[in-house]
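In: need a 3D model of the sequence below.
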Amino acid sequence: MKQLIEKANILIEALPYIKEFSGKTVVIKYGGAAMVNDDLKEATMQDIVLMKYVGMNPVVVHGGGPEISALMKRLGLQPKFVNGQRYTDEQTIEIAEMVLTGKINKEIVTLLNHHGGSAVGLSGKDANLIIAKKYEARDHRGLPEEDTPDLGFVGDVERVNAQVIQALTTDGFIPVVSPLGADTKGQGYNINADLVAAAIAGALKAAKLVLLTDAPGILRDAKNESSLIPTIQMNEVESLVETNIISGGMLPKIEACLRALESGVAKTHIIDGRVPHSLLLEIYTQKGVGTEILL
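Out: Numbering: from 1, shown residues only. Predicted coordinates:
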């Protein structure tokens with residue numbers, strides 16, 4: 001009986017959050033270990049379907065860089081990186097589209113449908129969802145960086161035409177978006193999935209943008225997981241970057257969060273996708289997990 005009461009208390013704890021976010025949109029950037037480990041895949045898909053059933057409108061944006069590299073090597077091609085970022089030539093953009101839209105996207109759709117959702121796969125090219133432009137490196141403040149390397153067909157989001165996503169969520173579907181887009185001349189681009197998720201969240205004026213990562217969140221001491229910073233205000237970000245508390249792979253995620261907040265998203269979150277059901281823990285519990293970045 002005690003265990004049953006504890007389960008009931010968990011549901012009661014979630015009740016105010018279910019009420020608060022019913023009918024609201026949350027954009028989820030799905031990547032890292034949660035895309036690789038089978039148990040984490042199942043847990044994440046269950047979380048997203050549950051969110052839909054309790055009244056939220058989840059929108060999933062996914063990456064897939066490691067699988068692109070793996071297929072390139074199988075085809076006898078060597079992935080090329082410039083300053084840690086993938087160089088994308090004509091062959092690479094073709095492979096990226098095959099992997100992202102043809103393979104990973106459909107796997108996610110299938111898993112969501114298996115768990116009771118009604119998921120629909122999209123590329124950023126569908127219905128002109130993402131109008132892209134050539135990538136120009138920017139810092140965490142959104143300012144152009146000097147000596148931007150040429151990355152080939154790596155793009156950035158110029159604008160999002162959100163009507164197709166709005167139509168799908170209104171009709172009860174879960175959109176799953178691969179991070180590809182095309183410019184006004186039809187040239188295709190591979191785009192960082194964090195930035196795509198941020199742009200879509202902004203276009204939808206989402207209640208939340210949640211980035212799944214392979215880290216507990218933002219740590220004051222990278223070697224000490226107990227130094228997690230639970231909440232950061234936008235005006236604190238610059239000092240955290242200058243002191244290298246935010247650095248490396250966390251920088252593009254912070255950039256995505258800032259872009260989302262500036263475009264009208266209410267809250268952004270960087271959470272540990274290695275924790276089973278981390279989405280539910282972040283959204284439907286008092287303590288949450290990971291780091292939230294707020295205006």
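In: which parts of stretch 89-102 are buried?
Out: By neighbour count on 16 or more other C-beta atoms under 10 Å, the buried set for stretch 89-102 is 92-93, 95-97, 99-101. For glycine as for every other residue, the C-beta is placed from the backbone atoms N, C-alpha and C.
In: tell me the one of those residues nearest Asp194?
Out: Leu100 (14.3 Å; C-beta to C-beta).
In: could you pull up phi and psi at the closest residue to the closest one other than its chain neighbours?
Out: Of all residues not flanking Leu100 in the chain, Ser178 sits nearest, at 4.1 Å (C-beta to C-beta, 6 or more residues apart in numbering). Ser178 adopts backbone torsions of phi -90, psi 140, taken as degrees, to the nearest 10.
In: residues in contact with the helix or strand where Glu97 lies?
Out: Following DSSP states H and E, one finds Glu97 within helix 90-97. Here helix 90-97 makes contact (C-beta atoms under 8 Å, 6 or more residues apart in numbering) with 64, 68, 71-72, 75, 77, 79, 86, 88, 123, 152-153, 180, 188-190.
In: and with 6 Å instead?
Out: If you take C-beta atoms under 6 Å, 6 or more residues apart in numbering as the criterion, helix 90-97 is touched by 68, 71-72, 153, 180, 188, 190.
In: strands - which of these land there?
Out: 180, 188, 190 (DSSP state E).
In: export those to a markdown table and tack on neighbour count and pLDDT?
Out: Below are the ones in strands among the contacts of helix 90-97 laid out as a markdown table (neighbours: other C-beta atoms under 10 Å; pLDDT from 0 to 100):
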| residue | neighbour count | pLDDT |
| --- | --- | --- |
| Leu180 | 27 | 95 |
| Gly188 | 21 | 93 |
| Asn190 | 28 | 94 |
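In: all strands for the stretch 101-250 of the chain, in order.
Out: 119-123, 130-134, 154-160, 174-178, 180-182, 188-191, 208-213, 231-233 (DSSP state E, counting those that start in this stretch).
In: so where's the longest helix in the protein?
Out: helix 2-21 (DSSP state H).
In: tell me which residues in it are buried?
Out: 14, 17, 21.
In: wait, what's in contact with the last one?
Out: So that's Phe21. Phe21 sits in contact with 56, 207, where contact means C-beta under 6 Å, 6+ apart.
In: where does this protein have low pLDDT?
Out: The model of the chain has pLDDT under 70 over residues 1-7, 83-84, 137-148.
In: could you pull out the helices in it for me?
Out: 2-21, 38-53, 65-74, 90-97, 105-114, 163-170, 193-204, 237-242, 250-262, 278-284.
In: distance to Leu212 added to those, as TSV?
Out: Output for these, formatted as TSV (distance: least, C-beta to C-beta, whole Å):
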stretch	distance to Leu212
helix 2-21	18
helix 38-53	7
helix 65-74	14
helix 90-97	20
helix 105-114	12
helix 163-170	19
helix 193-204	10
helix 237-242	20
helix 250-262	10
helix 278-284	7
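In: burial count for the residue lying closest to Asp126 once chain neighbours are set aside?
Out: The shortest distance from Asp126 to any residue other than its chain neighbours is 6.7 Å, reached at Val164 (C-beta to C-beta, 6+ apart). If you count neighbours by other C-beta atoms under 10 Å, Val164 ends up with 16.
In: now the one 5 residues further on
Out: Burial measure for Thr169: 21 neighbouring residues, criterion other C-beta under 10 Å.
In: surely it and Asn57 touch.
Out: Yes: contact criterion C-beta atoms under 6 Å: Thr169 and Asn57 qualify, at 4.1 Å.
In: between the two, which contacts overlap?
Out: With C-beta under 6 Å, 6+ apart, Thr169 and Asn57 have no common neighbours.
In: what angle separates the helix holding Glu97 from strand 154-160?
Out: 50 degrees (axes from the mean of the first three to the mean of the last three C-alpha atoms, to 10 degrees).
In: gap between helix 90-97 and the chain center?
Out: 21 Å (C-alpha atoms, centre = their mean, to the nearest Å).
In: can you list contacts of stretch 260-274?
Out: 32-34, 198, 201-202, 205-213, 216-217, 253, 257, 278, 282, 289-293, 295.
In: how far off centre is it?
Out: 9 Å.
In: circling back to that earlier point, nearest to Tyr53, of the strands of the stretch 101-250 of the chain?
Out: strand 174-178 (10.7 Å).
In: measure the closest residue to Leu281 other than its chain neighbours to Leu279 for me?
Out: Leaving aside its sequence neighbours, Leu281 sits nearest to Val289 (C-beta to C-beta, 6+ apart; 4.8 Å). From Val289 across to Leu279, the span is 9 Å (C-beta to C-beta, to the nearest Å).
In: many thanks, have a good one.
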